[in-house]
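> Predicted coordinates and the sequence they were generated for:
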Amino acid sequence: MRLIFASNNQHKIEELKAFAGKEIEIVSLKDAGIDIDIPEPHDTLEENASEKSWTIYKLTGNDCFSEDTGLEIEALNGEPGVKSARYAGEARSFKDNIEKVLNKLANETNRNAQIQSSYFT
């Protein structure tokens with residue numbers, strides 16, 4: 001079985017390949033020859049994951065799945081959440097995102113946080 005994973009995050013792809021073993025071939029967007037930036041316009045991780053899967057399915061007609069992940073920080077009322085990748089702007093800069101989080105947490109002692117993920121096929 002071959003599944004396109006609607007991601008180019010190499011770390012996530014390698015984790016899924018290890019988990020799937022030899023029974024399921026996990027293919028990244030790059031390996032499938034797909035070079036698009038899939039929009040993440042929704043307010044929930046679930047909706048964004050669904051958007052990614054549906055976009056790739058419409059484009060290829062192949063079985064696919066996707067995910068969306070967000071960092072939720074207690075002291076920031078769940079921010080950045082669904083906006084984690086673009087928290088500091090559309091450029092998707094990891095460095096800028098972390099800098100924005102740390103600036104907002106500068107006077108906070110509560111650093112409790114969690115990662116939420118949603119998968120969609």
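All right, it came through fine. Residues are numbered from 1 along each chain as shown.
> any idea which residue sits dead centre in the chain?
Most central in the chain under Cα atoms, centre = their mean is D68, positioned 3.5 Å from the mean C-alpha point.
> these two touch, right, that residue and A49?
Yes - assessed by Cβ atoms under 8 Å, D68 is found in contact with A49 at 4.4 Å. C-beta here means a position set from N, CA and C on the backbone, and glycine is covered the same way.
> hey, what's in contact with both of the two?
Common neighbours of D68 and A49, counting by Cβ atoms under 8 Å, 6 or more residues apart in numbering, are S118.
> Tell me where the model's unsure across the chain.
Across the chain, nothing is flagged by pLDDT under 70.
> show me where it has strands.
In the chain, the strands defined using DSSP state E lie at 2-5, 25-27, 64-73, 80-81, 113-120.
> so who does the residue nearest to the centre of the chain touch?
E40, L45, E46, N48, A49, K52, V82, S117, S118.
> repeat for V82
Counted by Cβ under 8 Å, 6+ apart, V82 has contacts E40, H42, D43, T44, L45, N48, D68, G70.
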